[in-house]
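Peer 1: test case, fold it:
(2 chains)
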Amino acid sequence: MSLNSREFWTVFHGMLVGAVFLLAFAGGLATLWGLRAKSLTGEEIDRRLRHLRWGTCIMAFMCWATVISGTWIVYPWYRAKSPDSPRSQLLADSEKAAWHTFGMEWKEHVSWLSPFLITAAAFLVSAYGRELARQDTLRRTVLALYGLAFFSAAIGGLLGAFINKVAPIA
Amino acid sequence: MAVIADADRPTGAAMACLLATGIGCAVLGSAVIGCEAFPSFKQAMDWWTPAGPLSGKSSVATIVWLASWAALHLAWRRRQVSAVKVTTASAILTFLGFAGTFPPVFEAFAKH
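Peer 2: Below is the predicted model:
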């Protein structure tokens, strides 16, 4: 049971850091959503904030690792000029070409919005702490950043999974 | 949206972060459109041939995002900054970023 270099980096990009980021979203969303001073004690707010600080910072790290490994390690294999590269295979078949012209073109760009958005969310959680629980508008702003980060990463993850199924990196 | 109106901490750091995020998103969207519209710009964005123009587009957006965040943070960190104006501007810039990365939008600027 072994993985070659390309298989390892594809798994790292799509299943380790990428999927962990997407899976962690639900936990962070529930914690952020329920972080209201009116319904929680001070101790409970502090406990949740500790989780949120760690959670959002780890998610930001995962997100950066995903886009950097995707752009600088996996993507060059995808777009290699050789006829057996996934890009060449997709463009050679008119029925599959849209996986590149629409799918990959959207994925490779929109995914890069995610690290900016989740880093901003992590900064606001870390810097403003308890004020998140006191001020609904600040909490909603962080929720918006958090949700948009997930949206852009989810598009990238979903399209990546489909494209890797149609034309895997070998 | 009146964000952090009664914050203990000045709003400046949060507003700097929000606006810089919008700027980073808009720069990425604009770079994608720029590459479609201007072949010379696309060539200029090809910082590392194996990854093609994506290497330049993503790097430029990251550099501008970090630089604008640092500059805005230094300028605003001890100030109360208008949350309504900054949040609105950031929302518009972020929307432009998403729009610019959507293929039907940036392909409309392509030179055929």
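Peer 1: show me the contacts for the residue nearest the centre of chain A.
Peer 2: Residue closest to the average C-alpha location in chain A (Cα atoms, centre = their mean): A:A153, at 3.7 Å. Contacts of A:A153 were listed using Cβ atoms under 8 Å, 6 or more residues apart in numbering or on different chains, and they are A:G18, A:F21, A:L22, A:C63, A:T66, A:S111, A:S114, A:I118. C-betas here are computed from N, CA, C, even on glycine.
Peer 1: neighbours of the closest residue to the third one other than its chain neighbours, how many?
Peer 2: Pointing back at A:L22 there. Leaving aside its chain neighbours, A:L22 sits nearest to A:G157 (5.6 Å; criterion: Cβ to Cβ, 6 or more residues apart in numbering or on different chains). A count of nearby residues for A:G157, using other Cβ atoms under 10 Å in any protein chain shown, gives 22.
Peer 1: which secondary element of chain A has the worst mean pLDDT?
Peer 2: helix A:18-33 (a mean of 88; mean pLDDT, DSSP states H and E).
Peer 1: give me the buried positions along that one.
Peer 2: A:G18, A:A19, A:V20, A:F21, A:L22, A:A24, A:F25, A:G28, A:T31, A:L32 (16 or more other Cβ atoms under 10 Å in any protein chain shown).
Peer 1: same question, stretch A:82-93
Peer 2: Applying 16+ other Cβ under 10 Å to stretch A:82-93 flags A:S85, A:P86, A:R87, A:S88, A:Q89, A:L90 as buried.
Peer 1: what residues are up against the last one?
Peer 2: Spelled out, it's A:L90. A:K96, A:A97, A:W99, A:H100, A:M104, A:I163, A:V166, A:A167.
Peer 1: which bits of chain B sit near chain A?
Peer 2: Counting by Cβ under 8 Å from any Cβ of the partner chain, chain B comes close to chain A at B:1-9, B:13-14, B:17-18, B:20-21, B:24-25, B:28, B:32, B:48, B:50-52, B:54-55, B:57-58, B:61-62, B:65, B:83, B:87, B:94, B:97-98, B:100-103, B:106.
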